[in-house]
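1. Okay, sequence plus prediction incoming.
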Amino acid sequence: MTTHISIYPRATEKAYGQSKNNIYVFDAPVSANKQEIAAAVELQYNVKTVGIKTLVQTGKAIRFSTGKRAHPGATKHKDLKKAYVTLAEGDSIKVFEEAAAEEQKVKTEKKEKK
């Protein structure tokens, strides 16, 4: 039985650099396993996955105060699971290519102004 999970690509500089090596970084639910994440990537982006590495980033603890004399409380951010997905040779996901095209347009416009 397969369940549908939602995965989202990470828009960071490190993820952009990894995409040049055919490795894409996604945010996934903490409860999802590698097989579910790989199936979701293949289903959503119509590509073939070769390998997958996951890690769980624990939520950062945060202290807060509720007033001048109140005792400080503590809470934490939610945990986050990252999935580094390696695609088959020749497959790619157009996550950052739109941003790269816009950067090229801006650079050419700046050169034309000079």
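-> On my side now, so go ahead.
2. CA only for contacts and neighbour counts going forward, please
-> OK.
3. how about this protein, which residue sits the furthest from its center?
-> residue 69 (41.1 Å; CA atoms, centre = their mean).
4. ok, that residue - contacts?
-> Applying CA atoms under 8 Å, 6 or more residues apart in numbering, we find residue 69 in contact with no residue.
5. Now the lengthiest helix in the chain: average pLDDT?
-> Determined from DSSP state H, the single longest helix within the chain is helix 97-113. Helix 97-113 carries an average pLDDT of 72.
6. Quick check: residue 7 vs residue 59, distance?
-> Distance of residue 7 to residue 59, given as CA to CA, to the nearest Å: 19 Å.
7. actually residue 107, sorry about that
-> Residue 107 is 38 Å from residue 59, by CA to CA.
8. now residue 95
-> According to CA to CA, residue 95 stands 26 Å off from residue 59.
9. Which one's more surrounded, residue 7 and residue 59?
-> Neighbours were counted for residue 7 and for residue 59 using other CA atoms under 10 Å; residue 7 has more, 18 against 12.
10. Hmm, the more buried one is touching residue 27, no?
-> Yes - Residue 7 is within contact range of residue 27, at 5.6 Å (criterion: CA atoms under 8 Å).
11. Return the list of helices and strands in contact with the least confident helix or strand in the chain by mean pLDDT.
-> One helix or strand of the chain scores below all others by mean pLDDT, DSSP states H and E: helix 97-113, with a mean of 72. Packing partners of helix 97-113 (3 or more CA pairs under 8 Å, 6 or more residues apart in numbering; DSSP states H and E): none among the helices and strands.
12. And residue 39, which helix or strand is it part of?
-> helix 34-45 (DSSP states H and E).
13. and if you look at residue 17?
-> Assigned by DSSP H and E, residue 17 falls in helix 13-19.
14. C-terminal to that helix, what's the next element?
-> strand 23-28.
15. Send me that following strand as PDB with only the CA atoms.
-> Taking Å, rounded to 0.1, in the frame of the first residue of the first chain, the C-alpha atoms of strand 23-28 are listed here in PDB:
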ATOM      1  CA  ILE A  23      21.600  15.500  -7.000                       C
ATOM      2  CA  TYR A  24      18.400  17.300  -5.900                       C
ATOM      3  CA  VAL A  25      17.400  18.200  -2.300                       C
ATOM      4  CA  PHE A  26      13.800  17.900  -1.100                       C
ATOM      5  CA  ASP A  27      12.000  18.600   2.200                       C
ATOM      6  CA  ALA A  28      10.000  15.500   3.200                       C
END
